[in-house]
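Chemist: The sequence isn't on hand, but the structure is:
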């Protein structure tokens, strides 16, 4: 299987090349030239472990890796770093199934892919005989940064620089990042929002002079967020695994279609579900759940991607995004992989902050249903699920749960559904407790966590134990305009 750039569909690279590069030099994102076809024998697949499912799926997408290399990466990634042998358990609550993707070392769904990316990247380096030092450059809206650093900390031949919006993440998310250990990890708060940081990171990737300067010192950039195909493809795995669990629980008959509802920010998670469907997984609708930053909702209801709007800071900060990077991949597929047209749209987005897809392409987005939940609706959903099922969900999961209710009421979702639960409520204790009518005004983070433990009955995850006492190791705060010089300084030191 080869991968091509969304902005030059004649530029082909192997999986290992795409993983090392992260982004294409032309500014595009790598996408598969075709999708694999699997023999989906659910009598067998329903009993697969997560590791077996990951090996099964990844071998097809990463076919310049040997079977032994894929298996070694999987076994190194999915082990006792996760607090359950299921890795991604499927839990029934209030008549719906929740796919819990927060049992890894940083209690967010990013662990599923970022646990394996360092091993994929190291193996890709060997396949390509690449001896350059790799600088991982990533902007985060809260979860990617910590999960990426946890994966790459002290990995030889790498440095990782993470930028996050100051004041735009929860206090627990920030403490997780600024206390990160590892001599090769660098955490930087920026004065601006996630879109500003992410746009600057993409600009640095596309800076030819900077790339050349680094290359002279045997250094190159790569990415750890879902713009890197090595981050995106492992996310396909848990959609197949969730379906297998639905079959095993006899919630569906093998071959029946189901819906997935995904809380959506940068569009990588739901795009992985789309890739699963393109690879033969029986999915009917993909429900794209947005918070008050409803640019994706508006697009799916009118064909216009328009970021000329206020940026809202919400209690679901990982979804506080207007420029969803991975949406470029979906648009590329939907416009019949016309790279010139796609490049025009991306230029319009940069220059005019909007682009419009002609109606002739609208049917190509029919796999998706879009809904959103306001902050008040999100809080109401947390409370409703808790009262109905004694099950505590985080704000991002609550956005998806409420969005599904709306889609179901409107007749847009008619199949059994899996709600993708992307973070532990322990990451957002203040927001969750406030939704449960707890007065948090005088509570410290320690008080918040203790109260949440009391109400949920769920023990502290390992990621929380000792977190509040952990030493703050990263103190840097800069303006967006200072990012380039700081990146250059760290990369060449």
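Modeler: Received, thanks. Small disclaimer: the values here were computed from a predicted structure and weren't measured. Numbers count the residues shown, from 1 in each chain.

Chemist: drop to CA atoms for contacts and neighbour counts, all remaining ones
Modeler: Noted.

Chemist: Can you show me the helices along the stretch 301-450 of the chain?
Modeler: 327-334, 339-352, 375-389, 395-409, 429-435, 445-456 (DSSP state H, counting those that start in this stretch).

Chemist: Show me the strands in the stretch 51-200 of the chain, by range?
Modeler: Assigned by DSSP state E, counting those that start in this stretch, the strands in the stretch 51-200 of the chain fall at 90-93, 96-100, 133-139, 158-165, 185-191.

Chemist: any chance of the ones you listed in TSV, plus distance to residue 218, mean neighbour count and mean pLDDT?
Modeler: Output for the strands of the stretch 51-200 of the chain, formatted as TSV (distance: least, C-alpha to C-alpha, whole Å; neighbours: other C-alpha atoms under 10 Å; pLDDT from 0 to 100):
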stretch	distance to residue 218	mean neighbour count	mean pLDDT
strand 90-93	45	16	97
strand 96-100	41	21	97
strand 133-139	6	24	94
strand 158-165	12	25	95
strand 185-191	19	22	96
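
Chemist: With distance to residue 325 added, can I get those in a markdown table?
Modeler: Formatted as a markdown table, these follow (distance: least, C-alpha to C-alpha, whole Å):
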| stretch | distance to residue 325 |
| --- | --- |
| strand 90-93 | 28 |
| strand 96-100 | 24 |
| strand 133-139 | 11 |
| strand 158-165 | 16 |
| strand 185-191 | 19 |
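
Chemist: what about those, which gets the closest to residue 290?
Modeler: With C-alpha to C-alpha as the criterion, residue 290 lies closest to strand 96-100 of those, at 17.4 Å.

Chemist: partners of the closest one in the sheet?
Modeler: strand 90-93 (antiparallel), strand 417-421 (parallel) (DSSP bridges).

Chemist: Any idea how far that strand is from the middle of the chain?
Modeler: Distance, stretch centre to chain centre, for strand 96-100: 17 Å (C-alpha atoms, centre = their mean, to the nearest Å).

Chemist: related to what we said a few turns ago, which one of the strands of the stretch 51-200 of the chain lies nearest to residue 24?
Modeler: strand 133-139 (14.2 Å).

Chemist: Could you tell me the angle between the closest one and strand 185-191?
Modeler: 30 degrees (axes from the mean of the first three to the mean of the last three C-alpha atoms, to 10 degrees).

Chemist: about what we covered before: format the helices of the stretch 301-450 of the chain as JSON lines; extra columns: distance to residue 304 and mean neighbour count.
Modeler: Below are the helices of the stretch 301-450 of the chain laid out as JSON lines (distance: least, C-alpha to C-alpha, whole Å; neighbours: other C-alpha atoms under 10 Å):
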{"stretch": "helix 327-334", "distance to residue 304": "12", "mean neighbour count": "19"}
{"stretch": "helix 339-352", "distance to residue 304": "11", "mean neighbour count": "16"}
{"stretch": "helix 375-389", "distance to residue 304": "24", "mean neighbour count": "19"}
{"stretch": "helix 395-409", "distance to residue 304": "21", "mean neighbour count": "25"}
{"stretch": "helix 429-435", "distance to residue 304": "32", "mean neighbour count": "23"}
{"stretch": "helix 445-456", "distance to residue 304": "41", "mean neighbour count": "16"}
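
Chemist: Residue 111 is nearest to which of the strands paired with strand 96-100?
Modeler: Among the strands paired with strand 96-100, strand 417-421 sits nearest to residue 111 (C-alpha to C-alpha), with 12.8 Å.

Chemist: Do me a favour and average the pLDDT over the closest one.
Modeler: Mean per-residue pLDDT for strand 417-421: 98.

Chemist: among the strands of the stretch 51-200 of the chain, which is nearest residue 258?
Modeler: Short answer: strand 96-100, nearest of the strands of the stretch 51-200 of the chain by C-alpha to C-alpha, at 11.1 Å.

Chemist: From the rest of the structure, what touches the closest one?
Modeler: 88-92, 242, 416-423 (C-alpha atoms under 8 Å, 6 or more residues apart in numbering).

Chemist: Please repeat the previous calculation with a cut-off of 7 Å.
Modeler: Contact with strand 96-100 is made by 88-92, 242, 417-422, as judged by C-alpha atoms under 7 Å, 6 or more residues apart in numbering.

Chemist: Check stretch 317-329 too.
Modeler: With C-alpha under 7 Å, 6+ apart, stretch 317-329 has contacts from 6, 29, 31, 141-143, 168-169, 194-195, 227, 264-268, 291, 293, 295, 307, 312-314.

Chemist: I figured residue 117 was touching residue 232, is that so?
Modeler: No. The pair residue 117 and residue 232 does not pass the contact test of C-alpha atoms under 7 Å, sitting 9.6 Å apart.

Chemist: the more surrounded of these two?
Modeler: More crowded of residue 117 and residue 232, by other C-alpha atoms under 10 Å: residue 117, with 28 against 23.

Chemist: Any idea how far the helix or strand of the chain with the lowest mean pLDDT is from the middle of the chain?
Modeler: Sorting the helices and strands of the chain by mean pLDDT, DSSP states H and E puts helix 144-152 at the bottom, at a mean of 89. Distance, stretch centre to chain centre, for helix 144-152: 12 Å (C-alpha atoms, centre = their mean).

Chemist: now do stretch 146-156
Modeler: Worked out by C-alpha atoms, centre = their mean, stretch 146-156 lies 16 Å from the chain centre.

Chemist: do the same with stretch 171-190
Modeler: 18 Å.

Chemist: could we number from 27 for the rest of this?
Modeler: Shifting the count to begin at 27 puts that one at stretch 197-216.

Chemist: Return the set of buried residues in that stretch.
Modeler: Using 16 or more other C-alpha atoms under 10 Å as the burial criterion, the residues of stretch 197-216 that qualify are 197-208, 210-216.

Chemist: Dump the strands paired with strand 122-126 into JSON lines; add distance to residue 372 as well.
Modeler: Shown next, in JSON lines, are the strands paired with strand 122-126 (distance: least, C-alpha to C-alpha, whole Å):
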{"stretch": "strand 116-119", "distance to residue 372": "37"}
{"stretch": "strand 443-447", "distance to residue 372": "29"}
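
Chemist: what's the closest of those to residue 423?
Modeler: Of the strands paired with strand 122-126, the one closest to residue 423 (C-alpha to C-alpha) turns out to be strand 443-447, at 4.9 Å.

Chemist: quick one, the closest one and helix 421-435 angle?
Modeler: Using the same axes, to 10 degrees: strand 443-447 against helix 421-435 is 160 degrees.

Chemist: who's in contact with strand 443-447?
Modeler: Against strand 443-447 from outside (C-alpha under 7 Å, 6+ apart): 122-127, 284-288, 423, 426-427.

Chemist: Stretch 403-413 now?
Modeler: Outside stretch 403-413, the residues that reach it (C-alpha under 7 Å, 6+ apart) are 120, 417-419, 421, 424-425, 428, 458, 461-462.

Chemist: on that earlier part again, possible to save the helices of the stretch 327-476 of the chain as TSV with distance to residue 505?
Modeler: Converted to TSV, the helices of the stretch 327-476 of the chain look like this (distance: least, C-alpha to C-alpha, whole Å):
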stretch	distance to residue 505
helix 353-360	27
helix 365-378	20
helix 401-415	29
helix 421-435	28
helix 455-461	28
helix 471-482	28
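
Chemist: Any idea which of those helices gets closest to residue 135?
Modeler: helix 421-435 (11.1 Å).

Chemist: moving C-terminal of the top helix by length along the chain, what's the next helix or strand?
Modeler: When the chain is scanned for its longest helix (criterion: DSSP state H), the result is helix 255-274. Moving toward the C-terminus from helix 255-274, the next helix or strand (DSSP states H and E) is strand 284-289.
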